[in-house]
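Chemist: When you get a sec, could you give me coordinates for this:
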Amino acid sequence: MAERNPLPFDPIERAARQWSQHHPETARMRAVTSLMRVHQLVLSDLDERLRPLGLTFARYEVLVLLSFSRHGSLSLGKIGERLQVHATSVTSLVQRLAAAGLIERRPHPHDGRAVLAALTDQGRQTMEQATRVITDSGFALTSLSEEECDQLSALLRRPRAAAGDF
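Modeler: Model (predicted):
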């Protein structure tokens, strides 16, 4: 993956010091900023790894979601709901995946207003190849042990539930 030029200091700790001089909730500010920074770093790493397959992590998520569905297809509305992305983003993702031959758009058999995205054989093969790339990379979290990953997931479960995620 691309070489990074690390900063000579921890920017989040520096921001937290500055924040604490002007605002309350420094621990939460530090936690959210750290969470968002890790999100950016992981997403960037995974996107780079998937680029040779013509995918981004967002497109990969659509393929995986379709592969998990009972019939290999879902309405665009369901895709947006499950991935928590705006309808405009779903349309763009589906258009790009369809242009690459990884999914096809079909009319919904019971709702004339809805469109289904259906996984193609090529899409399933690409998704399986991408899954190997991602799992071989340790989901870009190899600096954490399996136990630490479980702990992190457990820690993040409560704010997800509080936000109405499930």
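Chemist: now the helices for this structure?
Modeler: Using DSSP state H, the helices of the chain run over 11-20, 26-50, 57-68, 76-83, 87-99, 121-136, 146-162.
Chemist: mind exporting the first one as CSV, just the C-alpha atoms?
Modeler: In other words, helix 11-20. Provided in CSV are the C-alpha atoms of helix 11-20 (Å, rounded to 0.1, in the frame of the first residue of the first chain):
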residue,chain,number,x,y,z
PRO,A,11,-2.5,15.3,15.6
ILE,A,12,-5.4,14.1,17.7
GLU,A,13,-3.6,14.5,21.0
ARG,A,14,-2.5,18.0,19.9
ALA,A,15,-6.1,18.8,18.9
ALA,A,16,-7.3,17.4,22.3
ARG,A,17,-4.9,19.7,24.2
GLN,A,18,-6.1,22.7,22.2
TRP,A,19,-9.8,21.6,22.6
SER,A,20,-9.4,21.2,26.4
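Chemist: Report the buried residues of it.
Modeler: With burial defined by 16 or more other Cβ atoms under 10 Å, the residues of helix 11-20 counted as buried are 12, 16, 19. In short, each C-beta sits where N, CA and C put it, glycine included.
Chemist: likewise the shortest one?
Modeler: Neighbour-count burial for helix 76-83 flags 76, 78-80, 83 (criterion: 16+ other Cβ under 10 Å).
Chemist: Show me what it packs onto, helices and strands only.
Modeler: Secondary-structure packing of helix 76-83 (3 or more Cβ pairs under 8 Å, 6 or more residues apart in numbering; DSSP states H and E): helix 57-68, helix 87-99, strand 115-119.
Chemist: and those, which is most packed in?
Modeler: Highest mean neighbour count among the helices and strands packed on helix 76-83 (mean count of other Cβ atoms under 10 Å): strand 115-119, with a mean of 22.
Chemist: now that one, how far from the centre of its chain.
Modeler: Mean C-alpha position of strand 115-119 versus that of the full chain (Cα atoms, centre = their mean, to the nearest Å) differs by 20 Å.
Chemist: I'd like to check the angle between that strand and helix 87-99, please.
Modeler: Here strand 115-119 points in a direction 40 degrees away from that of helix 87-99 (axes from the mean of the first three to the mean of the last three Cα atoms, to 10 degrees).
Chemist: Residues in contact with strand 115-119: which ones?
Modeler: Outside strand 115-119, the residues that touch it by Cβ atoms under 8 Å, 6 or more residues apart in numbering are 62-63, 66-67, 71-76, 79, 94, 97-98, 102-108, 127.
Chemist: and of the buried residues of helix 11-20, the nearest to Glu147?
Modeler: Ile12 (23.7 Å; Cβ to Cβ).
Chemist: I'm done for today, thanks for sticking with me.
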